[in-house]
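1. got a predicted model here, sequence first, then my questions.
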Amino acid sequence: MIAVNKTKRILIPSRRLLSSVLLISVVAILMLLPVSLSAQQIAVEGRVLNEKGEPLTGANIIVDKTTTGTTSDLFGNFYLAGLPSGTHRLVVSYVGYERKEKQVQVTEGEISRVEVILSKTFDMPQIELIGARPGRFERVPGSASLITSAEISEVAAVSSQEVFRRISGVHAVEEEGLGLRANIGIRGLDPDKSRTVLVLEDGIPVALAPYGEPEMYYTPSMDRMAGVEVVKGSGSILFGPQTFGGVINYLTADPPASPTTSIHLRGGQSGFFVGRIGYGTTVGNAGFQVSYLRKQGNNVGLLDFGLNDLSAKFKLLTGDRSVLGVKMGIYDETSNSTYIGLTQSMYDNGGLDFTHLAPDDQLSIRRYSLSATHDVFFSDNLRLRTTAYGYTTSRNWSRQDFDYSPVAGREYIRTVGNTIQPGGAIWFRDQTGNRNRQFEVAGIEPRLTANFEIGNTPNELDTGVRYLYERAFEQRIDGRVISPTTGSLRDDEIRTGHAISGYVQNKIGFTDRFSVTPGIRIESFRYSREIMRLNFNDVAVTSDDYLLEVIPGAGFSYIIGEGSSIFGGIHRGFGPPRVKDAISSSGQSEELDAEKSWNMELGTRSRLNRHVSLELTGFWLDFSNQVIPVSESSGGQGVPGASGLTNGGATRHLGIESGLTIDSINLLSDDVRARFKGTFTWTNATFSEDRFVMSGGERVNVKGNKLPYAPEYLVNGVLDLFLPSGIETGLTATYIAKQYGDVLNLEDGSLNGRQGAIESYLVLDARASIRLPGVSGLSLSLAVKNLLDERYIVSRRPQGIRVGLPRFITAGLDFKF
């Protein structure tokens, strides 16, 4: 028996949220205002336009050889502060346009004004959700968000989930505290391994098997990203197969126009280290960008890990109107990731929050990827983009077997917890299950983009087809802890899929202000399952199946005035069933339906004035059948006798998303600039029809119950202060409302900790950075996560309670030259 000290369980009621955030924000301002402001603030104000005089929204403006930079707003305007007197070179870039350098003379006490006009060019060919054209958000039929490279840098994230929490409607759940495996749910959908979200990198799928096994056991490293796009509306039908849960597209850096080296170093307690070095340039018609990332830690929360991530992009102009892009990547990760978490008694007693319950568990992930994208511009209004890609991912996971209570006749080699208290201990056997999986994916997709007029009505057409091949090899090997990688082959199978999809989407501009974008997608998927060994017996089971789905959608946009618009849309949500769940081990169809829904939204984007912008969206998701995860990774969900995924029946998701940005340039004083960014999401996601599950030997109807892991409120607020001499400070508040870990909506935690309520919590993070004077391009930063050192439950998955990281401090260095 192990004695532990009782630790108070911290629950933060929602009524304290606004007062807490307001109080801390005021205190932060009062503390920071007395900072010496002796240096006079100098500013550069400018505007970025294209050759037609149209403003370019989201252009990057960087002071050459420094980390000082910003992006242009909806009107193409930008503002730079904290520059010393003298001559500075501004580097202005925008995807699809030639990079331009502009010299500007800064004089103390004056505001220098500059106008930059960019010319169109053929940039690095890659697929983007939102794109880089003027008025790009108006081009997407529905709600869309973009996190820029500057925002990613400001977060100073320990976990990539911190970045996604800045986007309204997105619920990012921690698993091991470092975001190595994304668990993201959008608009009340289950976040388990991001199964309901289509995840791309530069427009190319990254899931293990996009159709048959979309779980994100491999997640792209946020530390090497130049941006993240999220589309939640009808624009998602251009991508697939999943269209109901939104699309996330990671964006990597393109080759720079001139030789550029970037170094990023960040370290913290428990041996936490992130190191990234990148170099790129363009010579004549060719350019490249190479990046290497090393990330590691010892006892960071529950994790010991190390990963290496090498990536490269090459660009070659192959003619006057054609360009070729090639991208390759190698990813290797080893960690002691485990499924098992705390029981309810263990959590209540305290003392074991970050104890390695199964220290011999080991996860190994290795991924190789290669892609090529070729653009041919037949004219300024007609482009053919062809993308071919292939990748292979191995996911080998050794996990020790255990029991929550001793079984007569079974030997145990280790016990953790209080053996006297019910549910207070876990008994570990001298037995491991090695779940080894290998995935192969290849695809090709030609896409035609055309701008044309019918009469006097402008049209923007996107159409294309895609063929995707995927194959999964899965083995289960039972071994002993002393030699976990060897043992007896229990299960062995191969799953194969062939998918063909086609899509058409056309934006019709009925007036200069009003446009409608109808679209349709067709998904065809033929899949098979071949089982060679099952439960230690050789078998020969082969079966296949086929599905065909038509996915329509339409969106509209009405521009009220400069910087303000109303948008809305409706589209069919679709997600294919996992192959191993759709076909049973006996070769029979499980009649696991594809997930289908109707998704609707109505919203507005508005730039109220130079300093204030607002986005507000209402949404409605109506599922005829939502597939509910009941696998080991999801904690079982309280569905007896089920494994993997099961039909969950009809569900309904109703909610509101909002985002507010206040950029108060020189509002506090002549020397201090403040900026606030906040998001708020209200979601009511429930079972909308009768559905019965067994509980205590009785059938219980869960109609009206909330869906698991669908908190009613999500709030994120960021207050940044920009001080003289290149000093920046920031405070972030994240609030997650109460949620449930099971379909029964149990208030009290089950003995094993997998079911029960997850109480609301509020977490504060703080950061500060400074650009060192006299050293061009060098900056230092300090970040504190969980500033108040709160103790809270983030998840009851995969197999027990996970506790949020305690206070965690990191320091970083960035150098660009």
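-> Sure thing, it's come through.
2. tell me the centre residue of this protein?
-> What sits nearest the mean C-alpha location of the chain, by C-alpha atoms, centre = their mean, is Phe164, with 5.4 Å.
3. return the set of residues that bridge with the closest residue to it other than its chain neighbours.
-> Of all residues not flanking Phe164 in the chain, Ala172 sits nearest, at 4.2 Å (C-beta to C-beta, 6 or more residues apart in numbering). Every C-beta, even on glycine, is put in place using the N, C-alpha and C of the backbone. Beta-bridge pairing of Ala172 under DSSP bridges involves Ile184.
4. my read: the residue nearest to the centre of the chain touches Asn183, true?
-> No - applying C-beta atoms under 8 Å, one finds Phe164 not in contact with Asn183, separated by 9.9 Å.
5. joint contacts of the two?
-> In terms of C-beta atoms under 8 Å, 6 or more residues apart in numbering, Phe164 and Asn183 are both contacted by the residues Ala172.
6. and the longest strand along the chain, how far out from the chain middle?
-> What stands out as the longest strand in the chain, according to DSSP state E, is strand 425-454. Computed by C-alpha atoms, centre = their mean, to the nearest Å, the chain-centroid distance of strand 425-454 equals 15 Å.
7. in that strand, what counts as buried?
-> Buried residues in strand 425-454, counted by 16 or more other C-beta atoms under 10 Å: 425-429, 431-439, 441, 443, 445, 447-450.
8. CA atoms of the helix or strand following that strand as PDB?
-> Following strand 425-454 in sequence order, the next helix or strand is strand 457-480 (DSSP states H and E). What follows is strand 457-480, C-alpha atoms only, in PDB (Å, rounded to 0.1, in the frame of the first residue of the first chain):
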ATOM      1  CA  THR A 457     -21.800  38.100 -64.100                       C
ATOM      2  CA  PRO A 458     -18.400  37.100 -62.800                       C
ATOM      3  CA  ASN A 459     -17.700  33.500 -61.900                       C
ATOM      4  CA  GLU A 460     -14.900  31.800 -59.900                       C
ATOM      5  CA  LEU A 461     -14.900  28.000 -60.600                       C
ATOM      6  CA  ASP A 462     -13.000  25.300 -58.700                       C
ATOM      7  CA  THR A 463     -13.300  21.800 -59.900                       C
ATOM      8  CA  GLY A 464     -11.200  18.600 -59.700                       C
ATOM      9  CA  VAL A 465     -11.000  14.900 -59.100                       C
ATOM     10  CA  ARG A 466      -8.900  12.800 -56.800                       C
ATOM     11  CA  TYR A 467      -7.800   9.200 -56.600                       C
ATOM     12  CA  LEU A 468      -6.600   8.000 -53.200                       C
ATOM     13  CA  TYR A 469      -5.100   4.600 -52.300                       C
ATOM     14  CA  GLU A 470      -4.600   3.500 -48.700                       C
ATOM     15  CA  ARG A 471      -3.500   0.200 -47.000                       C
ATOM     16  CA  ALA A 472      -3.200  -0.600 -43.400                       C
ATOM     17  CA  PHE A 473      -1.200  -3.600 -41.900                       C
ATOM     18  CA  GLU A 474      -2.100  -4.400 -38.300                       C
ATOM     19  CA  GLN A 475      -0.600  -6.900 -35.900                       C
ATOM     20  CA  ARG A 476      -1.100  -7.600 -32.300                       C
ATOM     21  CA  ILE A 477       1.800  -9.300 -30.500                       C
ATOM     22  CA  ASP A 478       1.500 -10.400 -26.900                       C
ATOM     23  CA  GLY A 479       4.800 -10.400 -25.000                       C
ATOM     24  CA  ARG A 480       6.300  -9.900 -21.600                       C
END
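9. can you pull up the bridge partners for Leu461?
-> When assigned by DSSP bridges, Leu461 has beta-bridge partners Ala450, Asn506.
10. ok, Val92 next?
-> Ile61, Lys100.
11. what sits against it?
-> Val92 sits next to Val48, Ala59, Asn60, Ile61, Ile62, Arg99, Lys100, Glu101, Lys102, Val116, Leu118 when contact means C-beta under 8 Å, 6+ apart.
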